[in-house]
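**Q** Okay, structure incoming, though there's no sequence with it:
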């Protein structure tokens with residue numbers, strides 16, 4: 001009985017994989033990232049910053065029904081993110097350092113460059129023959145570029161998590177929206193909202 005179950009399961013998996021397709025292409029899009037603090041700091045304001053992402057795209061589409069299909073995706077991206085910070089001090093502060101910059105605001109942009117490998121899992125709901133709506137969740141293996149890495153405070157690799165949705169147009173074109181966040185510590189996290197356009201150049205079975 002057990003052997004029959006294993007054989008049946010193997011045949012089902014083999015038939016699914018045989019009819020599934022691998023799609024390869026390119027992707028690029030817009031980032032809007034920010035540093036989100038759980039605690040407000042007086043005279044310090046964090047705000048969002050624009051950036052971009054670009055790279056190669058891969059998607060494995062399982063065979064499904066006329067209603068939809070499961071898929072697994074994996075991209076390799078260069079992603080420019082960061083945040084904007086504004087510091088200010090009120091006039092007449094008792095702190096000597098604050099008096100020195102009294103009534104002066106300092107502003108600075110922080111650019112953070114990443115190499116990202118997001119791996120997503122989702123389901124494509126077929127709205128018609130040419131359109132599909134595909135919610136997804138994903139995990140991201142990422143590494144900051146252009147910085148010194150320290151095993152304790154700034155490891156070579158880090159992890160982020162996210163969710164989003166794709167609008168699939170035909171078999172080749174996909175427009176995606178998503179949000180990912182990387183918890184830095186207990187008090188803050190980096191968040192990134194992104195919009196991507198992916199075009200799958202070729203596919204194989």
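**A** Ah, there it is. The shown structure was predicted, so the numbers you read here are calculated from the model rather than taken from an experiment.
**Q** Please make it C-alpha for all contacts and neighbour counts, starting now.
**A** Will do.
**Q** Go ahead and list the helix or strand containing the residue nearest to residue 172 when sequence neighbours are not counted.
**A** Counting by C-alpha to C-alpha, 6 or more residues apart in numbering, residue 172 lies nearest to residue 200, which is 4.8 Å off, once chain neighbours are set aside. Assessed by DSSP states H and E, residue 200 sits inside strand 188-204.
**Q** Could you list the paired strands of that strand along with their orientation?
**A** strand 21-37 (antiparallel), strand 173-183 (antiparallel) (DSSP bridges).
**Q** JSON lines for these, including distance to residue 52, mean pLDDT and mean neighbour count?
**A** Converted to JSON lines, the strands paired with strand 188-204 look like this (distance: least, C-alpha to C-alpha, whole Å; pLDDT from 0 to 100; neighbours: other C-alpha atoms under 10 Å):
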{"stretch": "strand 21-37", "distance to residue 52": "4", "mean pLDDT": "93", "mean neighbour count": "20"}
{"stretch": "strand 173-183", "distance to residue 52": "13", "mean pLDDT": "93", "mean neighbour count": "19"}
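**Q** out of these, nearest to residue 110?
**A** Smallest distance to residue 110 across those (C-alpha to C-alpha): 9.9 Å, for strand 21-37.
**Q** which secondary structure element contains the closest residue to residue 24 other than its chain neighbours?
**A** The shortest distance from residue 24 to any non-neighbouring residue, by C-alpha to C-alpha, 6+ apart, is to residue 58 (4.7 Å). Following DSSP H and E, one finds residue 58 within strand 49-61.
**Q** so what's the spatially most central residue of the chain up against?
**A** With distances taken as C-alpha atoms, centre = their mean, the residue of the chain nearest its centroid is residue 180 (4.7 Å). Counting by C-alpha atoms under 8 Å, 6 or more residues apart in numbering, residue 180 makes contact with 160-163, 191-193.
**Q** before we move on, the earlier item: parallel or antiparallel, list what pairs with the strand holding residue 58.
**A** In its sheet, and by DSSP bridges, strand 49-61 pairs with strand 21-37 (antiparallel), strand 68-87 (antiparallel).
**Q** want to try JSON lines for those, with distance to residue 143 as columns?
**A** Putting those into JSON lines (distance: least, C-alpha to C-alpha, whole Å) gives the following:
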{"stretch": "strand 21-37", "distance to residue 143": "16"}
{"stretch": "strand 68-87", "distance to residue 143": "10"}
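**Q** what's the closest of the ones you listed to residue 142?
**A** Closest among the strands paired with strand 49-61, using C-alpha to C-alpha: strand 68-87, at 9.3 Å.
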